[in-house]
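Participant: Make a model of this:
(one chain, ligands or ions: 1)
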Amino acid sequence: MAQQQESPSGAAGEVFIDDTTDAAAREEAHVSRGTVRPITVVGNPLLHKECQDVTEFGPELATLVDDMFASQRAATGAGLAANQIGVDLKIFVYDCHDDEGVRHVGHVCNPVLDELPAEQRVLDDNSEGCLSVPGAYCPTPRPDYAVVRGQDIEGKPITVEGTGYFARCLQHETDHLYGYLYIDRLSKRDRKDVMRQMAENTPRYEIVPND
Ligand SMILES: [Zn+2]
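Facilitator: I've put the predicted structure just below:
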C-alpha cells in the first residue's frame, strides 16, 4: 500500500496519498493478478445511476481492483470506474500522468470531490474521452486542480490531489460513480458530434453490447 506523505503544494497540514512511488511496479502487480473484463458503453443502465457505497473491504474488493487494472491496461485507459466493468460499487482506479509528466497509480473507494474556492477554479479546455464512449473525443472544460477524499481497499481514509490531466481524470472517474459521463457535461451539439464519432469507429477493446 502506498504511504501518506506531505505534499509541497497542499494547504498547511493537508496530507495527500503518495501514489507516485513504484507506480509502474504496483500497476504491473495488479495487472498480473487481474482478469480483463469487457467495458460497458453509454446506454448501459449501470453507467447512468449512482453506484452503491463500498462497505466490505475484503479479498473480493482486492480482486476487483486487480481486474480493474487489468481491464484498464487492456483498453489503454488512464482511469476506470467499477461500473465500466459492470460492477455496481463506488470505486475507481487510475494510471495517469499529471502535467509535470509524473505517473500516478492508485484507487479510491467512495470518492467525494472537494469544492474548490473560486480563485482556484482555473478551467482547462483540453479534449476528453471515455472508454465507455469508444472512439470519441471532445473539448470539455474542467478545473485543472482536484482533490478527492475517500478510502483505500482496507477502508483507511485517503486524500488524492491531482493537477492538469490527472485532475481531469479524478473528476471524470468520480462523475462515473454518481452516474454521469463527460458527454452529460457537453452541449447538445457537441454530444451529438461525440455520438457520431462513436458510431463511426470500432472499439479497440472488448465491450459489453447494449440490448
Ligand atoms: Zn470514462
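Participant: ranges for the helices of the chain?
Facilitator: Under the criterion DSSP state H, the chain contains helices at 23-33, 59-74, 164-177, 188-200.
Participant: which other residues reach the shortest one?
Facilitator: Outside helix 23-33, the residues within contact range by C-beta atoms under 8 Å, 6 or more residues apart in numbering are 2, 63, 65-66, 68-70, 73, 93, 95, 103-105. Bear in mind the C-beta positions are built from the backbone N, C-alpha and C, glycine included.
Participant: Could you tell me what pLDDT the model assigned to the residue positioned nearest the centre of the chain?
Facilitator: The residue lying closest to the centre of the chain (C-alpha atoms, centre = their mean) is residue 173, at 3.2 Å. Per-residue pLDDT puts residue 173 at 98.
Participant: so what's it up against?
Facilitator: 79-81, 92, 94, 108, 111.
Participant: for residue 157, what are its contacts?
Facilitator: Taking C-beta under 8 Å, 6+ apart as the test, what residue 157 contacts is 149-151.
Participant: sorry, back to before: any figure for the gap between the residue nearest to the centre of the chain and residue 145?
Facilitator: Counting by C-beta to C-beta, to the nearest Å, the gap between residue 173 and residue 145 amounts to 16 Å.
Participant: And the lengthiest strand in the chain, what does it pack against?
Facilitator: As assigned by DSSP state E, the longest strand anywhere in the chain is strand 103-113. Packing partners of strand 103-113 (3 or more C-beta pairs under 8 Å, 6 or more residues apart in numbering; DSSP states H and E): helix 23-33, helix 59-74, strand 91-97, strand 145-151, strand 157-163, helix 164-177.
Participant: Give me the mean pLDDT for the longest one.
Facilitator: So that's helix 59-74. 98.
Participant: Stretch 80-91 too?
Facilitator: 98.
Participant: So which bits of it are buried?
Facilitator: 80-85, 87, 89-91 (16 or more other C-beta atoms under 10 Å).
Participant: send the alpha carbons of it over as PDB?
Facilitator: Below are the C-alpha coordinates for stretch 80-91, written out as PDB (Å, rounded to 0.1, in the frame of the first residue of the first chain):
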ATOM      1  CA  LEU A  80     -11.600   3.100 -14.900                       C
ATOM      2  CA  ALA A  81     -14.700   3.100 -12.700                       C
ATOM      3  CA  ALA A  82     -16.200  -0.200 -11.400                       C
ATOM      4  CA  ASN A  83     -19.500   0.400 -13.300                       C
ATOM      5  CA  GLN A  84     -17.400   0.400 -16.500                       C
ATOM      6  CA  ILE A  85     -16.800  -3.400 -16.000                       C
ATOM      7  CA  GLY A  86     -20.400  -4.000 -14.800                       C
ATOM      8  CA  VAL A  87     -19.900  -3.700 -11.100                       C
ATOM      9  CA  ASP A  88     -22.200  -1.600  -9.000                       C
ATOM     10  CA  LEU A  89     -19.700  -0.200  -6.500                       C
ATOM     11  CA  LYS A  90     -18.200   3.200  -5.800                       C
ATOM     12  CA  ILE A  91     -14.600   2.500  -6.600                       C
END
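Participant: Other residues contacting it?
Facilitator: For stretch 80-91, the surrounding residues in contact (C-beta under 8 Å, 6+ apart) are 37-40, 44, 46-47, 51-54, 61, 64-65, 67-69, 71-72, 92-94, 107-111, 131-132, 173, 176-177, 208.
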